[in-house]
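S.K.: sequence plus the predicted model coming up.
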Amino acid sequence: MKNWIKLESYNRLHQAEIRRDMLEDNNIPSVVINEKDSLFLLGEIELFVKKYDEAKARELIDEFRGLSKINSFVGEKQMELFRKLLLDNNMHAIIKKKEDSNFVLDNYEVYVNNSDVEELVAFMQNKMLEDWGKVKVLYRVRQTKYNTDILDENNIENFIVKRKDSAYHLESVELFVKKNSVEKATSLLSELNGWISIRKYDNRHWADNDEDILNENDIKGIVSQLSDGFEMLVEANKEEQAIDIINTQKDWTILKNYQSIGNANVAKRVLAKNGIHSVIVNEKDSVFLIGELELHVEIDKKQKAETILKDF
């Protein structure tokens, strides 16, 4: 079953069918596959959903059991602190450790009773904010982990709150510290002593793409927002290695074709003055001088390069 994923297994057919009906009522297609041998009653009854529906389906299944997942993170310390805040305010909360072979780190999920959800929302919007302050908003879990590691190293208590859209997709991750630690935490996360900037971006998508490349090569990369875009920072002792990895794995694309080498070189110099590296690829036949000269730029710089040459 391509693009389908097993959600859960059951011993009784009715257990699977009840949950299938509940998912269908929430517009999530699901399939029950009965692998039990009718004579020996061996095997499992399995409930499948489409891969892109998995997150929402799991949330609904948990709610069906009387629990709502309200937060999760790869950092156990952050989730334990978040749970303690809830318990201190008389809201029952439990943590489930979710192991996943696709990830190096385990995920820690915090659940509350369905009946406590409204009280939880009110707490997070009012009372919680009396003692805790938001120091940063991030958009990826791995980026958040790098930031919480820095705070942990400096003995600053912190926890995170995930914001999701109606389809249960991650929108942002908010990082909180005690209000009396906000100034110090903000300074640490903005100065990033020991980290060095290696590249700037106009679009966060390309920064995230390079961060994935670095991670695949066991190098931490922090994406930081600037007033006019984003930048990639790595630990200072990894600078040269990180630059080499990004440069060798960067995708290039044709920006413009030229008939004259002179015009191509002018465009190349204009881009260089604006911090954009480009390469001229000579496709001309050396005898007949037939063909075009191609000016190539890194794919994430194409839009900016087009604007520069258009204005020039």
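M.R.: Perfect, thanks for sending it. Numbering: from 1, shown residues only.
S.K.: any low-confidence regions in the stretch 201-312 of the chain?
M.R.: Low-confidence segments of the stretch 201-312 of the chain, defined by pLDDT under 70: 283-291.
S.K.: which helix or strand contains I196?
M.R.: strand 195-201 (DSSP states H and E).
S.K.: what helices and strands are in contact with that strand?
M.R.: Applying 3 or more CB pairs under 8 Å, 6 or more residues apart in numbering; DSSP states H and E, we find strand 195-201 packed against helix 204-216, strand 221-226, strand 229-235, helix 239-249. C-betas here are computed from N, CA, C, even on glycine.
S.K.: how about N26, what does it touch?
M.R.: 56, 60 (CB atoms under 8 Å, 6 or more residues apart in numbering).
S.K.: and the gap between it and F64?
M.R.: Here N26 is placed at a distance of 10 Å from F64 (CB to CB, to the nearest Å).
S.K.: same thing with L81?
M.R.: 28 Å.
S.K.: which one's more surrounded, the two?
M.R.: Between L81 and F64, counted using other CB atoms under 10 Å, the more crowded position is L81 (16 against 13).
S.K.: in a helix, that one, correct?
M.R.: Yes - counting by DSSP: H, G, I helix; E, B strand; the rest coil, L81 is found in a helix.
S.K.: for the residue lying closest to it once chain neighbours are set aside, list each beta-bridge partner.
M.R.: Leaving aside its sequence neighbours, L81 sits nearest to F159 (CB to CB, 6 or more residues apart in numbering; 4.7 Å). Using DSSP bridges, the bridge partners assigned to F159 are F176.
S.K.: now do F159 against N282, distance only.
M.R.: 57 Å.
S.K.: comparing those two, which shows the higher neighbour count?
M.R.: Using other CB under 10 Å as the criterion, F159 and N282 rank with F159 on top: 24 against 12.
S.K.: verify the stated contact: that one with V173.
M.R.: No - F159 is beyond contact range of V173, at 10.7 Å (criterion: CB atoms under 8 Å).
S.K.: ok, the most centrally placed residue in the chain - contacts?
M.R.: By CA atoms, centre = their mean, the mean C-alpha position of the chain lies nearest to R140, the distance being 2.8 Å. Counting by CB under 8 Å, 6+ apart, R140 touches 173, 208, 211, 223.
S.K.: do the same with F159
M.R.: F159 neighbours (CB under 8 Å, 6+ apart): 78-79, 81-82, 85, 132, 176.
S.K.: need the max-distance pair from these.
M.R.: Spatial extent of the contacts of F159 (CB to CB) is set by the pair M79 and W132 at 14.9 Å.
S.K.: kindly state the domain boundaries assigned to this protein.
M.R.: 1-65, 70-188, 192-249, 252-311 (automatic domain parsing).
S.K.: for N203, state which of the contacts of F159 is nearest.
M.R.: F176 (27.7 Å).
S.K.: so that closest one versus D116, what's the distance?
M.R.: With CB to CB as the criterion, F176 and D116 are 20 Å apart.
S.K.: the two: which has the busier surroundings?
M.R.: Each of F176 and D116 had its neighbours counted (other CB under 10 Å), and the higher figure belongs to F176 (26 against 20).
S.K.: in contact with the more buried one, which residues?
M.R.: 132-135, 158-161.
S.K.: can you check R163 too?
M.R.: So R163 contacts 170-174 (CB under 8 Å, 6+ apart).
S.K.: if you set the cut-off to 6 Å instead, what comes out?
M.R.: 171-172 (CB atoms under 6 Å, 6 or more residues apart in numbering).
S.K.: buried residues in the helix or strand where it lies?
M.R.: Taking DSSP H and E as the criterion, R163 maps to strand 158-164. For strand 158-164, the neighbour count (16 or more other CB atoms under 10 Å) marks 158-162 as buried.
S.K.: and for stretch 61-70?
M.R.: 61-63, 67-70.
S.K.: nearest to K51 among those residues?
M.R.: When these are compared for distance to K51 (CB to CB), I61 comes out closest, at 15.7 Å.
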